[in-house]
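1. I'll drop the sequence and a predicted model, then ask my questions.
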Amino acid sequence: MYNNILDTITELLSGVLYLGFDRGHNCPSADRTASVAANSSTFLMSNMMPQAPNNNQGPWADLENYARLLVTSGNEVYIICGSYGSGGTGSNGGITYTIDNGRVNVPSNTWKIIVVLANGNDYLNRITSSTRVISVNMPNTNGLNTNWKTYRTSVDAIESAIFNGLFVAKKQPFHRQ
């Protein structure tokens, strides 16, 4: 049975790769290197999304690297991220709504919110109206700008897009079963 599960996962991952999308990590593998178990957990399917290669390997990766730089510069970062909508454009061109025979949604957008705090204790009391918050909303397309700063937006705008994106995704055929 264990081999069947591994075969299923491998088949799904191959589908993501062969259809022109990367296995985009919500929490990057490079951020969980303290133990093998922590790193392995980043490869669970619940931590992945079909992501356009130029998104995943370009501005998304650059933003992840910037967050790491903030940490090595004496800060703590708290990150929330995800995807919404339906219909991304991978390296094969054209809009793809689902992969794996309709079982996996290809999101139209990827988003990330980073709260930056100086190292310290009692983080809730250190969050103020002047706390630095970085929020981005990137289209899940291969032809996007390579500078993550191009996609800065407000947290409110992301919340609104996510809420609306839930209803957009429901209109796609793969949800009607």
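-> Yep, that arrived.

2. so N39 touches D31, yeah?
-> No: assessed by CB atoms under 8 Å, N39 is found out of contact with D31, at 9.2 Å. From N, CA and C alone the C-beta is placed, and that goes for glycine too.

3. Comparing those two, which shows the higher neighbour count?
-> D31 (17 against 14; other CB atoms under 10 Å).

4. phi, psi of that one?
-> The phi/psi pair for D31 (degrees, to the nearest 10) reads phi -90, psi 0.

5. if I pick it, what's in contact with it?
-> D31 makes contact with T42, E64, R68, according to CB atoms under 8 Å, 6 or more residues apart in numbering.

6. Leaving out chain neighbours, which residue sits closest to the second one?
-> To tie it back to what came earlier, the one meant is E64. P28 (5.1 Å; CB to CB, 6 or more residues apart in numbering).

7. Now do N142: how many residues are near it, please.
-> 19.

8. check contacts around it.
-> Counted by CB under 8 Å, 6+ apart, N142 has contacts G20, A52, P53, N54, N55, T89, G90, S91, G93.

9. So among the residues you listed, which ones count as buried?
-> By neighbour count, with 16 or more other CB atoms under 10 Å, the contacts of N142 hold G20, A52, N54, N55, T89, G90 as buried.

10. Need the three-state assignment for the third one.
-> Here N54 is recorded as helix under DSSP: H, G, I helix; E, B strand; the rest coil.

11. separation between it and W60?
-> 9 Å (CB to CB, to the nearest Å).

12. Between those two, which contacts overlap?
-> By CB under 8 Å, 6+ apart, N54 and W60 have no common neighbours.

13. Can you tell me which of the contacts of D31 is nearest C81?
-> Nearest to C81, judged by CB to CB, of the contacts of D31 is E64 at 9.6 Å.

14. Could you point out the helix or strand that follows whatever helix or strand that closest one lives in?
-> Per DSSP states H and E, E64 falls inside helix 59-72. Toward the C-terminal end, the helix or strand that comes next after helix 59-72 (DSSP H and E) is strand 75-84.

15. Would you give the sheet partners of that following strand, along with the direction of each?
-> If you go by DSSP bridges, strand 75-84 pairs up with strand 109-118 (antiparallel).

16. I would like the residues contacting the strand it pairs with, please.
-> Taking CB under 8 Å, 6+ apart as the rule, strand 109-118 contacts 24, 49, 51, 55, 60, 63, 67, 70, 74-85, 123, 126-127, 131-140, 155, 158, 161-162, 165.

17. Run through who's touching the next helix or strand after that strand.
-> Per DSSP H and E, strand 109-118 leads on to helix 123-126 as the next helix or strand towards the C-terminus. Residues from elsewhere that reach helix 123-126, judged by CB under 8 Å, 6+ apart: E76, Y78, L117, A118, G120.

18. Right, I'll leave it there.
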